[in-house]
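Trainee: Show me how the following folds:
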Amino acid sequence: MQSISSILPQNKLIKMGIVLLILATFDALFTDFGIQNHHITEANPIMLSIYEANVTGFYLIKIALPVLLISIVAKLESKPFILFLLNVAISLYVIVLLLHFFWLTLAFIDK
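Mentor: Okay, the predicted model is just below:
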């Protein structure tokens with residue numbers, strides 16, 4: 001039987017993975033909106049080619065990668081390095097979403 005102290009850090013990893021999934025989903029939605037309305041372009045050439053080929057595939061990849069990460073993290077021990085990497089990824093997504101809010105604001109001000 002696992003002790004509470006070994007379960008809690010595991011839950012933190014899973015919660016961070018879920019936060020990453022939510023951020024990735026919003027990133028996909030805002031990116032799609034911005035591309036469809038000609039406010040932005042996709043900066044990642046790989047994701048741009050996927051988007052141009054199949055928008056559904058774009059969403060699936062954007063959402064599947066964090067889901068895959070959650071399934072991997074659920075099997076890992078909570079280590080400071082893993083927590084650090086998840087914090088970096090979450091921070092980067094927050095910055096990207098702030099950029100999305102910036103151009104969304106500009107787009108709606110210009111109308």
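
Trainee: Low-confidence regions, the chain specifically.
Mentor: For the chain, the stretches with pLDDT under 70 are 1-9, 111.

Trainee: Packing partners of the helix of greatest length in the chain?
Mentor: When the chain is parsed with DSSP state H, its longest helix is helix 4-36. Here helix 4-36 touches helix 45-53, helix 55-73, helix 80-110, going by 3 or more C-beta pairs under 8 Å, 6 or more residues apart in numbering; DSSP states H and E. The C-beta positions use only the backbone N, C-alpha and C, and glycine is treated the same way.

Trainee: So which other helices or strands are in contact with the last one?
Mentor: So the one you mean is helix 80-110. helix 4-36.

Trainee: what about the one residue sitting closest to the centre of the chain, distance to residue 93?
Mentor: By C-alpha atoms, centre = their mean, the chain has its centre lying nearest to residue 24, at 2.3 Å. Separation of residue 24 from residue 93 (C-beta to C-beta, to the nearest Å) stands at 7 Å.

Trainee: can you tell me which residues contact residue 103?
Mentor: Residues in contact with residue 103 (C-beta atoms under 8 Å, 6 or more residues apart in numbering) are 34, 39-40.

Trainee: mind checking the SS state of residue 78?
Mentor: coil (DSSP: H, G, I helix; E, B strand; the rest coil).

Trainee: Any idea how many residues pack against it?
Mentor: Counted with other C-beta atoms under 10 Å, residues neighbouring residue 78 total 17.

Trainee: my read: it touches residue 16, true?
Mentor: No. Using C-beta atoms under 8 Å, residue 78 is not in contact with residue 16; the gap is 9.9 Å.
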